[in-house]
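fold the stuff below for me.
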Amino acid sequence: MITVTEKAAREIKRVFESQGKPDGLLRVYVSGGGCSGLSYGMAIEDDTEEGDQVFTENGVQIVVDPKSYMYIAGAKIDWATDQLMGGGFKIENPNAARSCGCGHSFQPAEGAEEAPAAAGCGSCPSASM
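The predicted structure is shown next:
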């Protein structure tokens with residue numbers, strides 16, 4: 001399961017409304033890159049894809065592809081306003097052995113041998129929609 005705090009859910013719904021997709025789905029995924037090997041990503045989706053895990057938390061539907069799910073199962077998405085450049089999504093991932101200082105990439109505890117090599121802090125994408 002992926003959980004979403006009430007603060008994060010409010011922000012996600014605000015973004016969905018601003019994008020004209022009030023009934024959108026939040027796709028959460030991981031991809032190769034970032035300081036620690038894997039980076040978090042989020043996107044607004046209209047539909048699920050075959051094999052997706054689907055969760056509803058605080059009124060937000062979350063979809064995760066099977067490969068990403070093995071790296072982020074049990075994660076919690078929060079909205080933090082104490083970040084250097086203002087607010088942003090923060091992912092607390094119990095599967096991360098270590099995380100980048102910016103919090104947008106991680107090294108998985110299990111399956112680390114399958115994760116791409118780290119690329120350095122300048123390559124961290126922001127985990128925004």
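
mean confidence score for the helix or strand where K7 lies?
Per DSSP states H and E: K7 is located in helix 6-18. Mean pLDDT, helix 6-18: 96.

and the helices in the chain?
Along the chain, counting by DSSP state H, helices occupy 6-18, 66-72.

for N93, find the nearest of these.
helix 66-72 (5.7 Å; C-beta to C-beta). Any C-beta I mention is one placed from the backbone N, CA and C, and that applies to glycine too.

in contact with M1, which residues?
The contact partners of M1, by C-beta atoms under 8 Å, 6 or more residues apart in numbering, come to 55, 73-74.

let me redo that: T56
Listed by C-beta under 8 Å, 6+ apart, the contact partners of T56 are I62.

please report how far it lies from T3.
Distance, T56 to T3, using C-beta to C-beta, to the nearest Å: 11 Å.

any chance of the helices of the chain in TSV, plus mean neighbour count and distance to E92?
Formatted as TSV, those follow (neighbours: other C-beta atoms under 10 Å; distance: least, C-beta to C-beta, whole Å):
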stretch	mean neighbour count	distance to E92
helix 6-18	17	11
helix 66-72	18	10
